[in-house]
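Enquirer: got a structure for you, letters missing:
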Ligand SMILES: CC(C)(C)CCc1c(C(=O)O)[nH]c(=O)[nH]c1=O
């Protein structure tokens with residue numbers, strides 16, 4: 001029974017990997033994912049300049065998941081390009097993901113130009129949950145901006161590239177976003193990023209639990225699995241089949257991964273549960289997915305990928 005997969009034309013021995021932002025800030029963290037049973041890793045979203053991010057506490061685990069307002073702390077794109085370049089030489093038979101996010105179109109273009117000028121041979125994940133013009137919603141919720149960014153991106157960058165999307169909650173938004181995404185030669189769409197601006201309260205102290213943004217932060221974990229599955233399946237139903245889906249959100253068991261793949265995912269990313277359990281989790285998740293598959297007589301992911309059935 002194999003949990004291998006193919007994405008952007010590359011083969012991966014395992015369909016599990018980290019979600020950007022988790023266990024991917026620096027070499028110390030990335031080495032642990034690289035040494036684990038994960039099929040590959042994605043770096044923390046890199047920006048033009050290194051960033052220290054928001055004041056702590058900025059991440060808190062909760063009983064059912066997590067809340068974070070990290071503020072994009074990262075070492076800057078050159079640091080990650082150097083690390084990936086080392087890994088491409090040390091472990092050449094794997095393909096790596098570089099996440100990036102600019103604060104405007106010019107920065108996106110600058111980041112992609114840096115990647116083109118490097119020896120990077122992997123896959124780019126453009127994080128569209130980044131802030132935009134003040135007073136406007138995050139990029140992923142500003143549809144005209146998404147179209148402008150992707151038009152520019154595919155004019156300047158010609159390697160395999162996908163986008164990390166925030167969750168959508170309205171069928172018309174699935175339709176509108178799919179109509180935009182289908183215009184571009186995207187390798188993949190990764191749904192979902194955390195559900196934005198949730199609030200976790202410590203009732204004993206009657207206080208919020210993270211410092212930035214008066215305690216408001218992105219929500220991950222069990223809370224977001226139904227939304228994640230819906231976004232994965234909505235885009236799987238609507239996108240050109242050449243655009244594959246990465247499923248992220250609420251995966252803490254092999255069964256959760258099975259559900260994402262049943263909805264159409266070709267790769268699954270783990271955030272909150274990885275943060276809690278560490279990279280050893282990939283052994284448990286792989287074993288549990290294989291068990292789910294065995295119980296149903298499946299031997300490979302394509303036996304059931306996207307085969308969610310309806311009641312009609
Ligand atoms: C939320 C942003 C800081 C604008 C982007 C980076 C990011 C962060 C973060 O660095 O706070 N956290 C998430 O859960 N998802 C993200 O995409």
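Expert: Nice, thanks for sending it over. Here the structure is a predicted model, which is why all the values come from computation and not from measurement. Numbers count the residues shown, from 1 in each chain.

Enquirer: and residue 288, what is it in contact with?
Expert: Contacts for residue 288 (Cβ atoms under 8 Å, 6 or more residues apart in numbering) come out as 253, 254, 255, 257. For the C-beta atoms, the positions are set from N, CA and C on the backbone; glycine is no exception.

Enquirer: right, and the secondary structure at residue 267 would be what?
Expert: With DSSP: H, G, I helix; E, B strand; the rest coil as the basis, residue 267 sits in strand.

Enquirer: beta partners of it?
Expert: With DSSP bridges applied, residue 267 shows beta-bridge pairing to residue 246.

Enquirer: related to what we said a few turns ago, please indicate which of the contacts of residue 288 has the highest neighbour count?
Expert: In terms of neighbours by other Cβ atoms under 10 Å, these top out with residue 257 at 25 neighbours.

Enquirer: returning to that earlier point: nearest to residue 155, out of the contacts of residue 288: which one, please.
Expert: residue 257 (35.6 Å; Cβ to Cβ).

Enquirer: For the contacts of residue 288, give me CSV that also has distance to the ligand, secondary structure and pLDDT.
Expert: Shown next, in CSV, are the contacts of residue 288 (distance: Cβ to the nearest ligand atom, whole Å; DSSP: H, G, I helix; E, B strand; the rest coil; pLDDT from 0 to 100):
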residue, distance to the ligand, secondary structure, pLDDT
253, 21, coil, 99
254, 24, helix, 98
255, 24, helix, 98
257, 20, helix, 99
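
Enquirer: Can I get those residues in CSV including distance to residue 155?
Expert: Shown next, in CSV, are these (distance: Cβ to Cβ, whole Å):
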residue, distance to residue 155
253, 42
254, 41
255, 42
257, 36
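
Enquirer: quick one: contacts for the residue nearest to residue 55 when sequence neighbours are not counted?
Expert: Closest residue in space to residue 55, ignoring its immediate chain neighbours: residue 211 at 5.0 Å, by Cβ to Cβ, 6 or more residues apart in numbering. With contact taken as Cβ under 8 Å, 6+ apart, residue 211 is in contact with 54, 55, 56, 57, 58.

Enquirer: okay but the last one is in contact with residue 70, surely?
Expert: Which is residue 58. Yes - shown here, residue 58 and residue 70 form a contact pair, counting by Cβ atoms under 8 Å, at 5.2 Å.

Enquirer: what residues does the chain put near the ligand?
Expert: Counting by Cβ under 6 Å from any ligand atom, the chain comes close to the ligand at 21, 45, 68-72, 127, 129-131, 193-194, 218.

Enquirer: before we move on, the earlier item: just the buried members of the contacts of residue 211?
Expert: 54, 58 (16 or more other Cβ atoms under 10 Å).

Enquirer: Among the contacts of residue 211, which lie within helices?
Expert: Of the contacts of residue 211, none are assigned to helices by DSSP state H.

Enquirer: which of the contacts of residue 211 sit farthest apart?
Expert: 54 and 57 (9.5 Å).

Enquirer: that older thread, can you tell me which of the contacts of residue 211 is closest to residue 303?
Expert: residue 58 (41.4 Å).

Enquirer: how about that closest one, phi and psi?
Expert: phi -130, psi -10 (degrees, to the nearest 10).

Enquirer: if I look at it, how far off is residue 64?
Expert: As judged by Cβ to Cβ, to the nearest Å, residue 58 and residue 64 stand 19 Å apart.

Enquirer: again, but for residue 3
Expert: 26 Å.

Enquirer: Surely residue 178 forms part of a strand?
Expert: No - under three-state DSSP, residue 178 sits outside any strand and is assigned helix.

Enquirer: what's the closest non-adjacent residue to it?
Expert: residue 238 (3.5 Å).

Enquirer: Tally up the residues packed near that neighbour, please.
Expert: Around residue 238 sit 16 other residues, with neighbours defined as other Cβ under 10 Å.

Enquirer: what about residue 13, how many residues close to it?
Expert: 15.

Enquirer: Next up, the contacts around it.
Expert: By Cβ under 8 Å, 6+ apart, the neighbours of residue 13 are 4, 39.
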